[in-house]
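**Q** what follows is a predicted structure for the sequence shown.
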Amino acid sequence: MSTYIDVFLHVIFSLLAAYVAWKAYGDNKKRNLFLSVVYAMVGGVLIDLDHFIDNLLAFGWNFNYRYFITGEYFLKTGKTYVFFHGFEYLIILFVVFFFAKTKMIKMILLSLTLAMAFHLGVDIIFYSIPIKNYFILYRIFNDFKVDIASPLLHL
């Protein structure tokens, strides 16, 4: 899938997450819609900033756009860190959401959690990546190693 389609899907699903959270807990206030969108973009789009960490570990400060877009850094290091991509975060966020007291906090947490869940879902479906690879504990126990033969070049 092209990078532009990938980003487009992440933005669209993040906006959907923001809308759902806003309708559920935002009291129909425009300020709350803005907050919902901001947190959904963090969870659904900015989550990909962790790819810069993997790229930095592979190439240092020598940034190459083509290598970055193609996931060349995974091949160079043979490892996949992408620290923000993990189902464990969804579990933690859901528990915090469950115990949250105010509608505002619930809206923010739901925006963030739904957007992140949609992000991981899009990656899993469109890149045919096994679900287990989206557990940080699984990656830790496997020393973050990438099976080059697997379709893991984009988390």
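**A** Cool, the structure landed.
**Q** which residue packs closest to the spatially most central residue of the chain, ignoring adjacent ones?
**A** Central residue of the chain (C-alpha atoms, centre = their mean): residue 47, 4.1 Å from the mean position. Excluding the flanking residues, the one nearest residue 47 by C-beta to C-beta, 6 or more residues apart in numbering is residue 84, at 4.7 Å. For glycine as for every other residue, the C-beta is placed from the backbone atoms N, C-alpha and C.
**Q** what is the burial count for that neighbour?
**A** 19 (other C-beta atoms under 10 Å).
**Q** these two touch, right, it and residue 52?
**A** No. Counting by C-beta atoms under 8 Å, residue 84 sits too far from residue 52 to count as a contact (10.6 Å).
**Q** find the residues that touch each one of those two.
**A** Between them, residue 84 and residue 52 share no contacting residue under C-beta atoms under 8 Å, 6 or more residues apart in numbering.
**Q** what about residue 70, how many residues nearby?
**A** With other C-beta under 10 Å as criterion, residue 70 counts 14.
**Q** now swap in residue 66 and tell me
**A** Other residues close to residue 66 by other C-beta under 10 Å number 7.
**Q** helices or strands next to the helix or strand of the chain with the lowest mean pLDDT in the packing?
**A** Lowest on mean pLDDT, DSSP states H and E among the helices and strands of the chain sits helix 65-70, with a mean of 86. Using 3 or more C-beta pairs under 8 Å, 6 or more residues apart in numbering; DSSP states H and E, the elements in contact with helix 65-70 are helix 50-59.
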